[in-house]
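>>> what shape does this take:
(2 chains)
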Amino acid sequence: GQQLNQSPQSMFIQEGEDVSMNCTSSSIFNTWLWYKQDPGEGPVLLIALYKAGELTSNGRLTAQFGITRKDSFLNISASIPSDVGIYFCAGLLTGGGNKLTFGTGTQLKVEL
Amino acid sequence: GAVVSQHPSRVICKSGTSVKIECRSLDFQATTMFWYRQFPKQSLMLMATSNEGSKATYEQGVEKDKFLINHASLTLSTLTVTSAHPEDSSFYICSATPPAGWDEKLFFGSGTQLSVL
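Residues are numbered from 1 along each chain as shown, chains lettered A, B, ... in the order given. Below you'll find the predicted structure:
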């Protein structure tokens, strides 16, 4: 099945640093979603973006829906140890029956 | 908040046996549920879309006779891995679509780790 290209694949950062990851697609989406997945758990929604150009924040998280509707980025400011996990972007196309296409994932590790 | 419950969370079975995984929407009726498979260090790959009262729609490359999906009620979908083999060992995750008008469009279960010996 189709996957979105997500980068970087993994990041190892110091506590307190800012983090940025992005997601690109060859096709457009109407909705971009960012999820975090802890080991052995299902993904948890962090931020949802519904309009091209939209910039949305959720606490220390900020995400943007690219103007072309083919990309999105997620920023995490002042990272803390509990930010450790795998982050996935996901695209949704209206009329696609809520079928999500997931990104390849970014593994985030935070060093104290 | 809304919860999707998945059971069991972990199962170990012998090769050749069948395993059933349940996905329940606890706070809402879900006309559509989705089943994903996730191999270690990989992304979630959609296996099938399950609609209440009708046959599931499988993604390309997913064997419908091996992965039986039943969506008998608006709150329950089941995935049965028939004649499981070691290569079927994976993390299986379901998700459910709440009614129109909800802010969040999709809720995920906590996953089932299947290990086939």
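>>> name the nearest residue to residue 39, sequence neighbours excluded.
All of this refers to chain A. Nearest non-adjacent residue to residue A:39, counting by C-beta to C-beta, 6 or more residues apart in numbering or on different chains: residue A:85, 7.9 Å away. Yep, even glycine has a C-beta here, placed from its N, CA and C like the rest.
>>> other chain: chain B
residue B:90 (5.5 Å).
>>> next one: the helix or strand hosting residue B:48 to chain centre, how far?
Using DSSP states H and E, the element containing residue B:48 is strand B:45-51. Mean-position distance between strand B:45-51 and its chain equals 8 Å (C-alpha atoms, centre = their mean, to the nearest Å).
>>> again, but for stretch B:106-115
Worked out by C-alpha atoms, centre = their mean, stretch B:106-115 lies 7 Å from the chain centre.
>>> ditto for stretch A:21-33
9 Å.
>>> residues near residue A:107, how many?
Counted with other C-beta atoms under 10 Å in any protein chain shown, residues neighbouring residue A:107 total 15.
>>> list the contacts for it?
A:9-11, A:85-86, B:41 (C-beta atoms under 8 Å, 6 or more residues apart in numbering or on different chains).
>>> apply 10 Å and report the result again.
By C-beta atoms under 10 Å, 6 or more residues apart in numbering or on different chains, the contact list for residue A:107 reads A:8-12, A:37, A:84-87, B:41.
>>> tell me which of those is nearest to residue A:19?
Using C-beta to C-beta, residue A:11 comes nearest to residue A:19 of those, at 6.3 Å.
>>> what's next to the helix or strand that contains the closest one, contact-wise?
Using DSSP H and E, residue A:11 maps to strand A:10-14. Residues from elsewhere that reach strand A:10-14, judged by C-beta under 10 Å, 6+ apart: A:17, A:19-21, A:76, A:79, A:83, A:86-87, A:105-112, B:41.
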